[in-house]
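Student: just a sequence and a predicted model for now, questions to come.
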Amino acid sequence: MSRAPETDDERVAPSTLVDDDAVDALLGTTPSDVDSAPELTFARNVFLPLTTACRYTCTYCSFYDVPGEATLMPPESVREQLRHGADAGCTEALFTFGDAPDERYTQVHDQLDEWGYDTVLDYLVDACEMALEEGLLPHSNPGDLRQSEIARLAEVNASMGVMIETTANVDAHAGNRQKTPERRLGTLRAAGEAGVPFTTGILVGIGETRRDRAESLLAIRELHERYDHVQEVIVQNVVPNERSDFERPSVETMRETVAMARAALPAEVSVQVPPNLSPTRELLDCGVDDLGGVSPVTDDYINPEYAWPALDELRDVAAEAGVPLRERLPTHERYLPPRFRRDGVDPASGSWLSQPIVDAMAELDRFVGGPPRL
Ligand SMILES: O=c1nc2n(C[C@H](O)[C@H](O)[C@H](O)CO)c3cc(O)ccc3cc-2c(=O)[nH]1
Ligand SMILES: C[C@H]1O[C@@H](n2cnc3c(N)ncnc32)[C@H](O)[C@@H]1O
Ligand code: MET
Ligand code: SF4
């Protein structure tokens, strides 16, 4: 799959998506305005960081590697990691890695070529097929994509994602090749056009204002209203790492932002906070209903200094909040075929999930009737 030049119509200007009055109204939201969720969900995953090479250089990120040090996970390691995950009861293979690495790094391109791939996305398609063979459902977040790329990946993914981060132009998106709000929103729109259950979110504390956060959440809402494809919105706080010293946003800021997310988004969209990075217990009364992917076998390679809580801790968190803890699949319930839903309704699943994905799900007996309670 070669990359065609990007066209203007794949970009979406944030200013066309939100109006000032809606932003003002959302900025008035406080935690007491939103209801607590009736349950908490999470997915058991194994993380496969296919490559640390990246075309961007976001200053908050310790994941990407400089040219010369960048690595690609060989197919044998992918297979091994997948088996390890499947043995540990995972349902999700999370493929997250550097954005368009082969565009910037000749050595990555050459290595892919040696393995018989034109681009990293060709390799990703094969890796997703390996995951399906091992009984795992792929969730890919390879960064910015065009619609044709998403459409192809949708065939072998149970859901996909990309964080908007923010609709503001922040200094953290530095360097010659930058994440831009237009391209991020273009990816979210392309996912809608391709009809793939999608995860997105905002990164809090990267130089954006409160107003920018409200605007970002409303831009996500707007695109979801058009396509009905956003399954969850992650409200992720930036954390300091060996490369950067971004200050963690305060608990108050996170409470306010989670409440804004809950108020901005329709009820069918989950609000997720990552339990290894966030002050999770202090956010549960602000409308959080999901804890994202948690791994019993791999680190959060993006933030490896922040370990995943064990299942027992998630149980405690849910018990303290007085709500049941349920294990979900990478695809949220409302996009699943009838037998995997509590309401038994057919969401015209054929249009959301491809046959290989539906076939792989058919093996997951413990999810029949909806996400099991733990
Ligand atoms: O371990 C992580 N998982 C991340 N995930 C995985 C996520 O927690 C789950 O895979 C999804 O909730 C699906 O179950 C992301 C997925 C996306 O689609 C977009 C962004 C993220 C960000 C992270 C992350 O920073 N760390
Ligand atoms: C995969 C996602 O990881 C997030 N990400 C990258 N670096 C950090 C950090 N230091 N702290 C928190 N989240 C981060 C971005 O939001 C990216 O989209
Ligand atoms: C560590 S980020 C991984 C995914 C992709 N590079 C993005 O930023 O969206
Ligand atoms: S956050 Fe993603 S896009 Fe930005 S530098 Fe890190 S790997 Fe690349």
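Tutor: Happy to help now that I have it. In this text the structure is predicted, and so the values were computed from the model without any measurement. Ligands and ions are numbered 1, 2, ... in the order given.
Student: going forward, measure contacts and count neighbours with C-alpha atoms only.
Tutor: Noted.
Student: the residue of the stretch 251-374 of the chain found nearest ligand 3: neighbour count?
Tutor: For the stretch 251-374 of the chain and ligand 3, the shortest gap (CA to the nearest ligand atom) falls at residue 302, measuring 5.1 Å. Residues lying near residue 302 (other CA atoms under 10 Å) number 16.
Student: got it, and residue 144?
Tutor: Counted with other CA under 10 Å, residues neighbouring residue 144 total 22.
Student: confirm that it sits in a helix.
Tutor: No. Secondary structure of residue 144 (DSSP: H, G, I helix; E, B strand; the rest coil): coil, not part of a helix.
Student: for it, what are its contacts?
Tutor: Shown in contact with residue 144 (CA atoms under 8 Å, 6 or more residues apart in numbering): 99, 100, 162, 183, 184, 187.
Student: quick one: which of those residues is nearest ligand 3?
Tutor: When those are compared against ligand 3 (criterion: CA to the nearest ligand atom), the nearest one is residue 99, at 4.3 Å.
Student: from residue 37, how far off is the closest one?
Tutor: Noted for residue 99: a distance of 34 Å to residue 37, by CA to CA, to the nearest Å.
Student: check which residues of stretch 150-160 are buried.
Tutor: Neighbour counts using 16 or more other CA atoms under 10 Å place 150, 151, 153, 154, 155, 156, 157, 158, 159, 160 of stretch 150-160 among the buried residues.
Student: can you give me the strands in the stretch 101-250 of the chain?
Tutor: Per DSSP state E, counting those that start in this stretch, the stretch 101-250 of the chain carries strands over the ranges 137-141, 159-161, 198-204, 230-237.
Student: using the three-state scheme, assign residue 326.
Tutor: Put simply, residue 326 is strand when judged by three-state DSSP.
Student: name the residues linked to it by a beta bridge.
Tutor: residue 41, residue 373 (DSSP bridges).
Student: before we move on, what SS does the residue in the stretch 51-200 of the chain that ligand 2 sits nearest to have?
Tutor: Nearest residue of the stretch 51-200 of the chain to ligand 2 (CA to the nearest ligand atom) works out as residue 61 at 3.8 Å. Secondary structure, three-state DSSP: residue 61 is coil.
Student: roughly how far does it sit from residue 52?
Tutor: Residue 61 is 11 Å from residue 52, by CA to CA.
Student: of those two, which one has the most company?
Tutor: Taking other CA under 10 Å, residue 61 and residue 52 do not tie; residue 52 has more neighbours (24 against 19).
Student: excluding its backbone neighbours, what's nearest the more buried one?
Tutor: residue 64 (4.9 Å; CA to CA, 6 or more residues apart in numbering).
Student: just read off the phi/psi values of the one you found.
Tutor: For residue 64, the backbone dihedrals (degrees, to the nearest 10) come out as phi -70, psi 150.
Student: ok, now which ones touch it?
Tutor: Contacts of residue 64 (CA under 8 Å, 6+ apart): 52, 53, 54, 57, 70, 98.
Student: which residues does the residue of the stretch 51-200 of the chain found nearest ligand 3 contact?
Tutor: Using CA to the nearest ligand atom, residue 143 is the residue of the stretch 51-200 of the chain that sits closest to ligand 3, at 3.7 Å. Residue 143 is in contact with 96, 97, 98, 99, 100, 161, 162, counting by CA under 8 Å, 6+ apart.
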